[in-house]
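Asker: below are the sequence and a predicted model for it; my questions follow.
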Amino acid sequence: MAGTVLGKRTRDAVEPAALPVRTGSKRRTVAPRAPRDQKPAAPSSLRRTRSTVKKAVDEPDQENGQNKTVSVVIPSKHTLRDDQSKSPVKINSHFPVSKPVEGTLESDEGIALEAALIPWAEEITKPIEPEFKTPSKSRFRDDLPQHPPLTPRHRVQVGAKAITPRTPRHADLPPTPRQSATPTIAHSVYSQARQLFARGANSGRLVGRDAEREKLVSFITEGMESRTGGCLYISGPPGTGKSALVHEVCADLDLSNVRIAHVNCASMRISRDVYSRLIQDFCEDTDVFKKSEADRLKSMFVPSSKKAQDLFLVTLDEIDHLLNGDTGVLQSLFEWALQSESKLMLIGIANALDLTDRSLPQLKAKNLKPRLLPFLPYSAVSIANVVTSRLRSLLPPGTEADPKLVPFVQPAAIQLCSKKVASQTGDLRKAYELIKRAIDVIEQETFQKLDKQAKESENIPILGVNTNLSSPAKAGSAPKPTSMSSYTVITAPRASIAHIARITSAAFGQGTVQRLQSLNLQQKAAICSLIALERKRRQLEVPSTPSKSRASAPTIKQAFDTYCTLCRNDNILHPLTATEFKDVLSNLETMGLVGEYQGRGRGGTVAGGTDLRRTPSKSGHGPSTPHKALDEQGLVCFVSQSEIEGQIAGPGEGILRRLLRGEGI
Ligand SMILES: Nc1ncnc2c1ncn2[C@@H]1O[C@H](COP(=O)(O)OP(=O)(O)OP(=O)(O)O)[C@@H](O)[C@H]1O
């Protein structure tokens, strides 16, 4: 070390020609500590670490361009303790010396001097015993028992390995065995269906919204034909397809002679960022600094010269975000678009129907009226159509002909999901989320079923196998799938209404108990009579044929008759008419408390989506007796007796308990 006095380095002593040499640290570059008159060979007592040796070998000769061995001792921050002993910096920092010491510590003598002053140093600088010449362990560890532990200033590197592993710790561990119940879920037949409903998934073509599409197309084409601007304000609740339709229409039309910018205002920090964004999209860089942003945009969108030919289409999504700050930006853009000589076709999108009236009153004052295009929330039927068409898009070619074929989710389950969503928000994203969850659940269940089957087949005793062999397998019966890969889009088990009922009740934060609490007396009465009827039917069943019980679920007519009989018993409750009763059932169905029973068949036994409100003409169950078809539909109650018993306290409790007892049916 050229100049180290009590731990302070005198930088002027460093060889001026010497270039800075990188130490082992990435963080700093230090000048080599080689003394001016350092001899080429390092004293034998100084032990080099791997890093110092490397420096000594690799250092190029700056003068003649040849490599030469430069004896520069550069203690790395990761060098071991005997190297540290050479530098009093470290020692002094740990063991302060009260007396100033003159002289340098650049030689062995210097070290000896310091060693005399600091007893620790002597020990540290002792030549290493021959048996320790090639220590198998790091010297730092060897020092520990002899000296009080010193808190290292830097991370101490043991051996050549970094303390913090650069690769993940588990990289070299054996792979964690997957739980047998959920093996390789990521690559099952359900993956593609799940992806269809994932957030941000490519939506494909929009289903429906024909009237809105027409209006949007005519707004744009009229503007293109007349080469004049205009303003269209699209409103509607979230997830009703506003943004998706605008993007789809813009992609469909030939807008090659229109300059387009799509701006999502939610991503703008302040309102004026919209100006910057439009300038960035429409202006040449050379125009910068000539005018204010607003002036530049105005001169483009409302040009004074009639020769200006450029036509602009700007879509501003989520414009309500611009109302938090400077509303002048939105006001100006709407005004520019509504000028008679405007070249700006502006499409604003937000949720509130009256945003322009409420938040931009100056427009009204100036008699400037944007065109309005409201998007109503999706009805249950529209939601079901979208979901069904998405699922059917997965059908293999040749199988689409059957309109009733819907993979992965039963049509009745789609109906229930759609009704739930339509009754809450009408947000299609919510419906997607629920369907995606249902697909997850049925996939999980299928895996578990396969797993159970596999375990059972492993445990079949040999005798049992022989017994089975004695009865030949039914001719034509398809072999049971033994793994997920044996399922196809067509054969994969589908989510049922029971799955959707469970998922929706969890998603909408209402369990059965909460939903029962919110029912009125007649709704509870309908449930009580239905439970009583089901109980009665079970009691009358022949125990040996349990499968028939499901096949013979009570019909809507039977449920109504029972309800009337029970209500008329001692006139405990005035019964509803048949139509009113069906309305009650329809509401209960929307809440997931009752559902349609569709008979035994593929994919499950309990279904839903009775469409009880359907008018006879729309029922589509045969032209002659539509009423009869509806009345004969099977009905299933998803509420257990104990659940309803817990929720019938309060007004009408006595009536409901008597209905539930089912006396006289
Ligand atoms: N008719 C439809 N057919 C198919 N997919 C649709 C339809 N309507 C909406 N979607 C899909 O629903 C999702 C939400 O649509 P979009 O973003 O357009 O809703 P939005 O009304 O703009 O909602 P927000 O007001 O929250 O922005 C998108 O994935 C979109 O593809």
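Answerer: Right, received. Where do you want to start? Bear in mind the structure is a predicted one, so any value in this text is a computation, not a measurement. Numbering: from 1, shown residues only.

Asker: dump the residue contacts of P554.
Answerer: L530, L533, E534, R537, T562, G634, L635 (CB atoms under 8 Å, 6 or more residues apart in numbering). The way it works is simple: take the backbone N, C-alpha and C, and place the C-beta from them, glycine included.

Asker: any chance of these in CSV, plus neighbour count, secondary structure and pLDDT?
Answerer: Converted to CSV, the contacts of P554 look like this (neighbours: other CB atoms under 10 Å; DSSP: H, G, I helix; E, B strand; the rest coil; pLDDT from 0 to 100):
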residue, neighbour count, secondary structure, pLDDT
L530, 27, helix, 94
L533, 23, helix, 93
E534, 20, helix, 91
R537, 16, helix, 87
T562, 23, helix, 94
G634, 22, strand, 85
L635, 25, strand, 88
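
Asker: most widely separated two among those?
Answerer: Greatest spatial distance in those: T562 and G634, 14.1 Å, computed using CB to CB.

Asker: from the contacts of P554, which single one is nearest P377?
Answerer: When the contacts of P554 are ranked by distance to P377 (CB to CB), L635 comes first, at 28.5 Å.

Asker: these two touch, right, that closest one and A559?
Answerer: Yes. With contact defined as CB atoms under 8 Å, L635 counts as touching A559 (5.3 Å).

Asker: identify the contacts common to those two.
Answerer: Here L635 and A559 have L530, L585 as joint contacts, going by CB under 8 Å, 6+ apart.

Asker: quick one, phi psi at the residue in the stretch 501-650 of the chain that the ligand sits nearest to?
Answerer: At 16.8 Å from the ligand, A507 is the closest residue in the stretch 501-650 of the chain, using CB to the nearest ligand atom. With angles defined as degrees, to the nearest 10, A507 sits at phi -70, psi -40.

Asker: let me see the ranges of the strands in the stretch 151-300 of the chain.
Answerer: Residue ranges of the strands in the stretch 151-300 of the chain, as given by DSSP state E, counting those that start in this stretch, are 230-235, 259-264.

Asker: tell me the most buried of the ones you listed?
Answerer: strand 230-235 (a mean of 23; mean count of other CB atoms under 10 Å).

Asker: wondering if that strand reaches the ligand at all.
Answerer: No. Using CB under 6 Å from any ligand atom, strand 230-235 stays clear of the ligand, with a minimum separation of 8.5 Å.

Asker: kindly state the domain boundaries assigned to the protein.
Answerer: 4-143, 210-374, 391-458+482-509, 510-661 (automatic domain parsing).

Asker: what's the least confident stretch among the ones you listed?
Answerer: Lowest mean pLDDT of these: domain 4-143, a mean of 41.

Asker: hang on, the earlier thing: how about the strands of the stretch 151-300 of the chain, which one is nearest C250?
Answerer: Here strand 259-264 is closest among those (CB to CB), at 6.8 Å.

Asker: list the helices and strands that closest one packs on?
Answerer: On a contact count with 3 or more CB pairs under 8 Å, 6 or more residues apart in numbering; DSSP states H and E, strand 259-264 meets helix 242-252, helix 273-282, strand 312-317.

Asker: and of these, who's closest to K420?
Answerer: Nearest of the helices and strands packed on strand 259-264 (CB to CB): helix 242-252, 21.9 Å.

Asker: enumerate the residues of the stretch 101-250 of the chain near the ligand.
Answerer: 203, 206-209, 236, 238-244.

Asker: in three-state terms, label L346 for me.
Answerer: Counting by DSSP: H, G, I helix; E, B strand; the rest coil, the backbone at L346 sits in strand.

Asker: what's the distance between it and the ligand?
Answerer: According to CB to the nearest ligand atom, to the nearest Å, L346 and the ligand sit 17 Å apart.

Asker: so which residues of the stretch 551-665 of the chain form strands?
Answerer: For the stretch 551-665 of the chain, the strands defined by DSSP E, counting those that start in this stretch cover 594-597, 634-637.

Asker: closest one to A261 among those strands?
Answerer: Checking those against A261 by CB to CB gives strand 594-597 as the closest, at 48.8 Å.

Asker: for that closest one, name the packing helices and strands.
Answerer: Against strand 594-597 (3+ CB pairs under 8 Å, 6+ apart) you get helix 411-424, helix 497-507, helix 578-590, strand 634-637.

Asker: what about the first one, near the ligand?
Answerer: No. Residues of helix 411-424 are not located near the ligand by CB under 6 Å from any ligand atom, the shortest gap being 11.6 Å.
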